[in-house]
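*Asks:* Quick one, structure for this:
(chains A and B)
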Amino acid sequence: MNNTFSTKRCWLLFRKTLLERPVQLFGFTALILAIVLIIYVVCKSQIAFAPAQNISFLWGLAGGGCFLSSFIFSYFSSSANGSSFLTLPASAFEKWLCGVLIAGVLYPLIFLVFFRLMDTAFVTMFHNSLDPASPFYKRTYESVYVLPFDGTFAWKVYPMFIFFSGAMLLGSLYFNKVCFIKVALVICIVCIGGFGLNWLFAKLFFGTINDAVPFRYVTLPVGNEEGSVELPKSLSNFYYYSISYVIPVILWLITYQRLREKEF
Amino acid sequence: MIKIDDLSFGYTKKKSLYKNLNLTLQTGSIYGLLGKNGAGKSTLLKNLAGLLFPTGGAITVNGFTPGKREPSFLETIYLIPEEVYVPALTINNYKKLFSPFYPNFNEDDFSSYLHQLDIQEKGRLNTLSFGQQKKFIIAFALACHTRILLLDEPTNGLDIPSKIRFRKLLATVFSEDRMIFISTHQIRDLDNLIDQVIIVDNGELLLHESINCISDKLAFKTVTELSGTAQVFYSEQSLKGLTIVSENLHHEHSKVNLEHLFNAVTENAGKIKEIFKLKTA
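*Replies:* Just a heads-up that it's a prediction; the model follows:
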């Protein structure tokens, strides 16, 4: 018997994971999508189309994915549930893979399909509501378009989704109870701490500063003007790609290791 | 077979619960693990099931290292914790989702055990009472026909008729190729069921003997007054006189009273160890 991976066992586990807690998984997914719809509608009516698309896409994918990920390994909130999960005859790799498939593949897929349908519907409704005889028709028509999934904004959101979901998955294996809040707190502390330390070092180094973003730039007052000290492009890119892609992947991989070593 | 070699375990580095524990358990027996609250009974079970990892020494269960939690190991062992988990599923759906993981699961046996334990089959499992949920998990675990069954306080939450049904069922399903390991402090619930007694206290193994051997070495009787040369390890005033546990010098036949045995062993660990060592010497 293969003790690491078996397609049959993995399928059984995937099916069990989905159907064992349908309210948590499907219910929360439906709730997140409903919230995304509300955000989109509210922002569209109060601000404009583009912010509505961006905000709902960001919160739906990164926020929703992060929230859902915190439930994937929530078995450890009770002793009985945790024991049952760990002693179920499936390998740690299969248990991890099921979590990754649900949080990292299934949810984004559902979200992207939903978002595209929702976005297309609203954009089409807007386009249909325009008067083709209007002199501004073409310009107004072209000002609103479906959010491209390969656009700049989407590519900023994908790493955020991978990072926060990975952090939640890993955090749920460290914090057995209310992991969403605990991990969110840890992320806040790390971010605030990082920015604070960066600010402190920049201030010690440059004296008076206006702004300091870790691994990006420091802005300084130069007379009445403002100047910025930036990292060389190659170094800045290295840090950007490390934070956006390498660290999130490491988080997802550590989750597997943590699951293997989880004692309960 | 379970083999524990020099097991050390502690939840913190400073305080160890077990230190150099050695134990060998064979199939074909129902073991009763007795100990006070906090003695480490559940911890030992969790180490055997691979939920906790020893800080020292080694555990082998049917040739596997439990801590690796390999599927081929987990298929051979079922742990019923004190608090059981049941999802919001019907019995039928639970069976469909969980039973495929256990290759020896028998559907007919499962139905029969559900019937014998008097479990209502309608509705979702999470709406059942705690006792019903526990009986359901017991029925499922038995139907999985794993070679090793670990039960942590199995009778907690069961009413009196259910405890009787549980004992009967366990006695019925037991076979020579299985091992049942029961941890409990409700000693009376195990009467007539276990054939091997293990008593642990302060991380130390105080006794590991068969019921037959215990009744050979110790006498459990009621007397009007303490007399004679036999050493008394435990005495308790009862309505009929003084119930005692003493050394069985005259090879009298008496029924082992697990509660009195437990008290005798925990109060006279050194002397009891000596008596049972004599047997192996």
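*Asks:* contacting residues around residue 259?
*Replies:* This is for chain A. A:Phe73, A:Ala92, A:Lys95, A:Trp96, A:Leu173 (CB atoms under 8 Å, 6 or more residues apart in numbering or on different chains). To be clear about C-beta, it is placed using only N, CA and C from the backbone, and glycine gets the same treatment.
*Asks:* Actually, chain B is the one I wanted.
*Replies:* B:Ile187, B:Arg188.
*Asks:* before we move on, which element is it in?
*Replies:* Following DSSP states H and E, the helix or strand that holds B:Glu259 is helix B:258-267.
*Asks:* other SSEs contacting the next helix or strand after that helix?
*Replies:* Note on helix B:258-267: by DSSP H and E, the next helix or strand toward the C-terminus is helix B:269-280. With contacts defined as 3 or more CB pairs under 8 Å, 6 or more residues apart in numbering or on different chains; DSSP states H and E, the packing partners of helix B:269-280 are strand B:204-210, helix B:211-217.
*Asks:* quick one on the thing from earlier: between the contacts of A:Leu259, which is nearest B:Ser8?
*Replies:* A:Ala92 (24.1 Å; CB to CB).
*Asks:* So the closest one versus A:Phe14, what's the distance?
*Replies:* 15 Å (CB to CB, to the nearest Å).
*Asks:* the more surrounded of the two?
*Replies:* A:Ala92 (21 against 18; other CB atoms under 10 Å in any protein chain shown).
*Asks:* Which helix or which strand is home to the residue lying closest to that one once chain neighbours are set aside?
*Replies:* Take A:Ala92 and drop its neighbours on the chain: the residue closest to it by CB to CB, 6 or more residues apart in numbering or on different chains is A:Arg260, 4.3 Å away. Under the criterion of DSSP H and E, A:Arg260 resides in helix A:247-261.
*Asks:* from the chain's centre, how far out does that helix sit?
*Replies:* Counting by CA atoms, centre = their mean, to the nearest Å, helix A:247-261 is centred 16 Å from the centre of its parent chain.
*Asks:* now swap in stretch B:230-247 and tell me
*Replies:* Worked out by CA atoms, centre = their mean, stretch B:230-247 lies 26 Å from the chain centre.
*Asks:* May I have the distance across it, first residue to last?
*Replies:* End-to-end distance of stretch B:230-247 (CA to CA, to the nearest Å): 6 Å.
*Asks:* Check stretch A:88-105 too.
*Replies:* 23 Å.
*Asks:* list the buried ones in it?
*Replies:* A:88-92, A:94-104 (16 or more other CB atoms under 10 Å in any protein chain shown).
*Asks:* Please apply the same query to stretch B:225-233.
*Replies:* B:Ala230, B:Val232, B:Phe233.
*Asks:* beta partners for the residue nearest to the second one when sequence neighbours are not counted?
*Replies:* Put plainly, it is B:Val232. Spatial nearest neighbour of B:Val232, excluding adjacent residues (CB to CB, 6+ apart): B:Ser246 at 4.6 Å. Counting by DSSP bridges, B:Ser246 is bridged to B:Ala219, B:Val232.
*Asks:* what's the burial count for B:Ser246?
*Replies:* The number of residues near B:Ser246, taken as other CB under 10 Å, comes to 22.
*Asks:* How about the one 5 residues further on?
*Replies:* Using other CB under 10 Å as the criterion, B:His251 is surrounded by 9 other residues.
*Asks:* hmm, back to that, what's the average pLDDT for the helix holding A:Arg260?
*Replies:* When pLDDT is averaged over helix A:247-261, the result is 94.
*Asks:* Give the buried residues for that helix.
*Replies:* In helix A:247-261, counting by 16+ other CB under 10 Å, buried: A:Pro248, A:Leu251, A:Trp252, A:Thr255, A:Tyr256, A:Arg258, A:Leu259.
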